[in-house]
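Colleague: build me a model:
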Amino acid sequence: MPYFNGYLIALLNHVKSAFLLLGWALLTALTIGTHSAAAVTSSQAVDARHSTAKLPARSSVLPAESGAQRILIVGDSISAEYGLRRGSGWVSLLIQRLAAQKIPATVVNASISGDTTSGGRTRLPSLIRRHAPTILVIELGANDALRGLPLTSTRANLDAMIQLGQSINAKVLLLGMQVPPNYGARYTADFANVFVEASRKYGTALVPFFLTGVADGPEAERLFQRDRIHPNELAQPIMLDNAWPSLMRLMSP
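Modeller: Residues are numbered from 1 along each chain as shown. Predicted structure coming up:
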């Protein structure tokens, strides 16, 4: 595919030779050299009824009416607005849509560029204690592949995060990722199955490939930033639409 040829050329300018064969996993790549520090956003928590497109990220949860959902999103650069205008990422769009539909909910974006499932597992206990979410969204795993981490570790970390969320009766949504065939057919299938197996094992909600319609479509190149790695603003509504049906099901009584 022409897009992937251009994408691999772009990698030559951004990563060391050990990473030159990476493809889709890098579409959610969470750090590139010295850019990673700039990709971290503060926790975002707002009462969706009062949020607007210009509302800045906040570091504490605002009061929501009794019975409102508390959504905690633990992710990497794909959820941390890497390279985007603040307020234009899919999580910010989620807040805006909840407000527009008058759905009372608090959204906390605890995503950090460069994070792995190990990092998320380490951070989650304090996030759980602080925010007591009713819905936990896990958007992690692509960086595990990028760094060549064992799939056994990825599985164990996802399992632990799901178990922790369910221990406080939070509903869990996994936003899965995929890697391209150049990883090898076995690894490609095994990586995708990590999310499927975890979802089946614990009965969580699942979006098998969060970048459906972004990384695998005919206009993929149009939907990425200049680095051809990170989704741009045009991709964010598509990503939200991929997660929205599952979130709505979890928010139903």
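
Colleague: for residue 108, helix, strand, or coil?
Modeller: strand (DSSP: H, G, I helix; E, B strand; the rest coil).

Colleague: and the gap between it and residue 204?
Modeller: Separation of residue 108 from residue 204 (C-beta to C-beta, to the nearest Å): 19 Å. Quick note: C-beta positions are derived from backbone N, CA and C, even for glycine.

Colleague: ditto for residue 88
Modeller: For residue 88, the distance to residue 204 - C-beta to C-beta - is 28 Å.

Colleague: those two: which is more packed in?
Modeller: residue 204 (21 against 14; other C-beta atoms under 10 Å).

Colleague: list the contacts for the more buried one?
Modeller: 162, 171, 172, 173, 174, 198 (C-beta atoms under 8 Å, 6 or more residues apart in numbering).

Colleague: low-scoring stretches of the chain, by residue?
Modeller: Confidence mapping of the chain against pLDDT under 70 gives the ranges 1-66.

Colleague: for the longest strand along it, which outside residues touch it?
Modeller: For the chain, the longest strand by residue count, based on DSSP state E, is strand 69-75. Strand 69-75 has contacts (C-beta under 8 Å, 6+ apart) with 61, 64, 79, 91, 94, 103-112, 115, 120, 123-124, 127-128, 131-140, 161, 170, 175, 247, 251.

Colleague: quick one: which of those residues sit in helices?
Modeller: Secondary structure assignment by DSSP state H places 91, 94, 120, 123, 124, 127, 128, 131, 161, 247, 251 of those in helices.

Colleague: so which of those residues is the most crowded?
Modeller: Top of the ones in helices among the contacts of strand 69-75 by neighbour number is residue 91, holding 28 neighbours under the definition other C-beta under 10 Å.

Colleague: got the contact list for the closest residue to residue 84 other than its chain neighbours?
Modeller: Nearest-residue entry for residue 84: residue 233, 5.9 Å, with adjacent residues in sequence omitted and distances by C-beta to C-beta, 6 or more residues apart in numbering. Residue 233 sits next to 84, 85, 88 when contact means C-beta under 8 Å, 6+ apart.

Colleague: of these, closest to residue 189?
Modeller: Within the contacts of residue 233, the smallest distance to residue 189 is 31.6 Å, found for residue 84 (C-beta to C-beta).

Colleague: give me the number of residues near residue 190?
Modeller: That count, for residue 190 with other C-beta under 10 Å as the rule, works out to 16.

Colleague: over to residue 126?
Modeller: Using other C-beta under 10 Å, residue 126 is surrounded by 10 other residues.

Colleague: what of the one 10 residues further on?
Modeller: Around residue 136 sit 27 other residues, with neighbours defined as other C-beta under 10 Å.

Colleague: and it, bridged to which residues?
Modeller: residue 72, residue 172 (DSSP bridges).

Colleague: thought it was touching residue 169?
Modeller: No: look at residue 136 against residue 169 with C-beta atoms under 8 Å: they stay out of range, at 10.5 Å.

Colleague: quick one on the thing from earlier: okay if I get the ones in helices among the contacts of strand 69-75 as CSV plus distance to residue 154?
Modeller: What follows is the ones in helices among the contacts of strand 69-75, written out as CSV (distance: C-beta to C-beta, whole Å):
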residue, distance to residue 154
91, 23
94, 25
120, 11
123, 16
124, 15
127, 19
128, 20
131, 24
161, 11
247, 23
251, 28
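
Colleague: pick out the most distant pair among the residues you listed.
Modeller: The most distant members of these, if one measures by C-beta to C-beta, are 123 and 251, lying 23.9 Å apart.
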